[in-house]
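Novice: Predicted model and sequence follow; I will ask about them next.
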Amino acid sequence: MLSSRQKAILNILIGEYIANAAPVSSQTITRQAGLDLSPATVRAEMAELEEAGYILRPHVSSGGIPSDKGYRHYVAAIPQHPTLPQSESGWVRSRFHMATEDVELWADLAAGLLADLVRNLAVVSAPKAPESRIKRLDLVLLQETLALLVLVFQQARIKQRILHLNTTVTQDDLTALANRLSAAYGGATSSGITVAALEAERTPLEQQVVDATKDMMLDEDMNRFEDPRTVGLRHLLSQPEFAEGGKAGVLVDLLEDRKFLKEALPGLLADERVAVVIGGENDAGEMQECSVIVSRYGDPEGVSGIVAAIGPTRMEYERAIASVGLLSAAMTERVWELF
């Protein structure tokens, strides 16, 4: 357990390091208001903090910098639901109030706003249901035996596939078929289509379209979260932590791997509203100089997505947690309004 004096010294050290990205000396801490301590006393307390693993010293004679353990202690002291100033939270909510009903654009908007708020990388996935349902389907003739199958999902998503037909058809034939199948399968999931298809006799053309529709829905359902939008990589790479050697290149390679972002970030989520993963707590070695603030928005059992901020371990945690929470709440409100 840390004494109240050690907690105060650690909080000052972390605040100074977040602001300046330079080791913090005992003289700097001594000058802080509210601490009536000599430099010698501060040095002694810093030595104990170092021995306990809360701070590190890059060199024997240098000041201290926070360790992951120190940051974790710092984050634990942040209020449970931190907030941004009213001017900033009002600005975010007004932008979402004016947003269109195009859910694909919501993720772009949220990622842009979050990157501006945290001055680091923002990652946002578009809202998606765990199991897709058909709203309607359309068939567009491209050539005599070539058609475009367009699936419109209830979650305001659209998927397309080109079909090589086994017979010659007209656009009228395709329109009539699309209308029949839309009426039969409106609101159905991929499993519902399978059951209905087994119970009905279909022409070869109808069966081809039904099979393609089912395959497209299964592909859609395989990924719980969509490929996320990322904004603010320039903010992240401008941090002094990534100015040395090949650190920036290694990090960029990882963050450009959409599979990593789509699978790793949801895996960080726990029961809490906003999860904070600091430095070495990240499984990926390339991410162990970074911290991740991530939250799920929407309905965990229904339409949902993720909002995350990624930055160096030297980030403004309270502001980042408040920003991710705000964007998560704004996206949740839009999901409830539309779905």
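Specialist: Done, it's in.
Novice: Tell me where the protein is predicted with low confidence.
Specialist: The chain contains residues with pLDDT under 70 at 33-34, 100-101, 155-156, 194-200, 223-226, 245, 270-272, 339.
Novice: report the longest helix in it, please.
Specialist: Counting residues, the longest helix found in the chain (DSSP state H) is helix 317-338.
Novice: Output the contacting helices and strands for that one.
Specialist: helix 68-76, helix 86-97, helix 103-118, strand 290-298, strand 304-312 (3 or more C-beta pairs under 8 Å, 6 or more residues apart in numbering; DSSP states H and E). The way it works is simple: take the backbone N, C-alpha and C, and place the C-beta from them, glycine included.
Novice: other SSEs contacting the fourth one?
Specialist: Of the remaining helices and strands, those touching strand 290-298 by 3+ C-beta pairs under 8 Å, 6+ apart are helix 258-267, strand 275-278, strand 304-312, helix 317-338.
Novice: Near the residue nearest to M287 when sequence neighbours are not counted, how many residues? Count them for me, please.
Specialist: In space, M287 comes closest to L254 once its chain neighbours are excluded; the distance is 6.8 Å by C-beta to C-beta, 6 or more residues apart in numbering. As a burial measure, L254 scores 16 neighbours (other C-beta atoms under 10 Å).
Novice: thought L254 was touching G285?
Specialist: No - between L254 and G285 there is no contact under C-beta atoms under 8 Å: 9.3 Å.
Novice: just to revisit the earlier point, now tabulate the helices and strands packed on helix 317-338 in CSV and tack on distance to M222 and mean neighbour count.
Specialist: Putting these into CSV (distance: least, C-beta to C-beta, whole Å; neighbours: other C-beta atoms under 10 Å) gives the following:
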stretch, distance to M222, mean neighbour count
helix 68-76, 34, 18
helix 86-97, 29, 13
helix 103-118, 19, 21
strand 290-298, 19, 24
strand 304-312, 16, 26
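Novice: Which secondary structure state does A147 sit in?
Specialist: On the three-state scheme (DSSP: H, G, I helix; E, B strand; the rest coil), A147 is labelled strand.
Novice: do the same with the one 4 residues further on
Specialist: Here L151 is strand, with the state taken from three-state DSSP.
Novice: For the nearest residue to it once chain neighbours are set aside, what are phi and psi?
Specialist: Nearest residue to L151, sequence neighbours excluded (C-beta to C-beta, 6+ apart): K159, at 4.7 Å. K159 adopts backbone torsions of phi -130, psi 150, taken as degrees, to the nearest 10.
Novice: do the same with S3
Specialist: Main-chain dihedrals, S3, degrees, to the nearest 10: phi -70, psi 160.
Novice: could you check the distance from it over to L49?
Specialist: To L49, S3 is 10 Å away according to C-beta to C-beta, to the nearest Å.
Novice: Look at those two and report which has more neighbours.
Specialist: Neighbour count, other C-beta under 10 Å: between S3 and L49, L49 has more, with 24 against 10.
Novice: a helix runs through that one, doesn't it?
Specialist: Yes - assessed with three-state DSSP, L49 lies in a helix.
Novice: Is it in contact with L10, as I believe?
Specialist: Yes - assessed by C-beta under 8 Å, L49 is found in contact with L10 at 6.0 Å.
Novice: joint contacts of the two?
Specialist: Residues touching both L49 and L10 by C-beta atoms under 8 Å, 6 or more residues apart in numbering: L2, I55, G70.
Novice: No more questions from me, cheers.
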